[in-house]
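> sequence first, then the predicted structure, then my questions.
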Amino acid sequence: EITKEQQALMKIITDAYNRHQIPQDVAKKLLQDQYSAEENFLLLTEMATSQVQVLVEFTKNIPGFLSLDREDQIALLKGSAVEAMFLRSAQVFSRKMPSGHTEVLEERIRKSGISEEFITPMFNFYKSIGELHMVQEEQALLTTVTILTPDRPYVKDQQAVERLQETMLDVLRKLCVLQHPQEPQYFARLLGRLTELRTLSHYHTEMLVSWRMNDHKFTPLLCEIWDV
Ligand SMILES: O=C(O)c1ccc2nc(N3C[C@H]4CCC[C@@H](C3)[C@@H]4OCc3c(-c4c(Cl)cccc4Cl)noc3C3CC3)sc2c1
């Protein structure tokens with residue numbers, strides 16, 4: 001079962017995950033009433049920028065992350081940002097936000113110049129995450145496992161990242177057994193979502209290319225993290 005230090009590790013990560021959220025005044029902008037494709041893109045850009053800042057702060061709280069090689073830290077963030085943002089935003093869709101953010105967010109994403117071929121897998125993913133009914137510790141640990149993926153481009157010391165990721169996977173595996181005793185395959189299903197995330201990340205690269213071709217502008221932070 002889960003050891004004392006694994007409990008402590010899980011608490012640090014879950015507290016950090018809950019502490020670092022998009023500021024409510026930014027999220028509330030979803031409810032403003034302009035709904036043009038241009039307006040939606042601008043709003044999504046602002047929210048993605050805020051989400052990246054939140055993600056960087058969360059990542060700095062992952063025990064051991066700041067001891068990694070500095071350039072590897074950057075490579076892990078760049079390589080996992082989209083996947084971590086899909087996971088984080090999946091909670092918005094599965095939590096059925098009381099403030100009605102869910103409906104307007106879906107509406108704005110569907111009407112922001114993203115081709116239908118990417119919209120369908122995107123919302124299928126959101127649905128498949130919702131069906132897992134993850135507890136917040138599982139959400140925080142799954143995001144942490146995604147960030148600590150050793151085979152991202154340009155990572156030099158993959159062993160160091162692998163050691164960290166394995167520590168987190170061990171806690172997540174035990175947590176899944178505890179939280180979902182009737183579902184022995186639950187942990188495997190969670191890891192299956194990480195495969196789906198990689199596919200979405202490839203679609204996302206195409207989304208960026210298509211936005212660029214239509215002369216859409218991104219913020220400096222998004223340009224840096226997504227090399228656009
Ligand atoms: O906690 C809340 O209340 C809350 C409410 C809404 C909300 N929307 C959030 N988003 C909206 C958007 C979709 C999820 C990831 C990003 C943050 C943001 O990304 C938009 C985006 C994406 C993107 C999309 Cl459309 C879907 C999934 C992931 C990404 Cl990165 N790609 O490029 C962009 C910008 C247009 C350049 S986080 C959040 C929290």
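Cool, got the structure.
> which bits of this structure sit near the ligand?
Contact residues, the chain versus the ligand (CB under 6 Å from any ligand atom): 21-22, 27, 30, 41, 44-45, 47-48, 51, 82, 85-86, 89, 92, 97, 101, 105, 109, 218. For glycine as for every other residue, the C-beta is placed from the backbone atoms N, C-alpha and C.
> in helices only, show me the residues you listed.
27, 41, 44-45, 47-48, 51, 82, 85-86, 89, 92, 101, 105, 109 (DSSP state H).
> tell me the buried residues within the residues of the chain next to the ligand.
For these, a neighbour count by 16 or more other CB atoms under 10 Å gives the buried set as 22, 27, 30, 41, 44-45, 47-48, 51, 82, 85-86, 89, 92, 97, 101, 105, 109, 218.
> and the nearest residue to A75 once chain neighbours are set aside, helix, strand or coil?
Spatial nearest neighbour of A75, excluding adjacent residues (CB to CB, 6 or more residues apart in numbering): Y154 at 4.3 Å. Under the three-state scheme (DSSP: H, G, I helix; E, B strand; the rest coil), Y154 adopts coil.
> residues contacting the residue nearest the centre of the chain?
The geometric centre of the chain, computed from its C-alpha atoms, lies nearest to A84 (CA atoms, centre = their mean), at 1.9 Å. By CB atoms under 8 Å, 6 or more residues apart in numbering, A84 lies in contact with 55, 143, 146-147.
> against Q185, how distant is it?
As defined by CB to CB, to the nearest Å, A84 lies at a distance of 24 Å from Q185.
> returning to what we had before: and the residue nearest to A75, backbone torsions?
When read as degrees, to the nearest 10, the backbone of Y154 gives phi 70, psi 10.
> that one touches E71, doesn't it?
Yes: at 7.4 Å, Y154 counts as touching E71 under the criterion of CB atoms under 8 Å.
> what number of residues are in the vicinity of R95?
Residues lying near R95 (other CB atoms under 10 Å) number 11.
> following the longest helix seen in the chain, which helix or strand comes up?
Across the chain, the longest stretch assigned as helix under DSSP H is helix 186-213. Using DSSP states H and E, the next helix or strand after helix 186-213 towards the C-terminus is helix 220-226.
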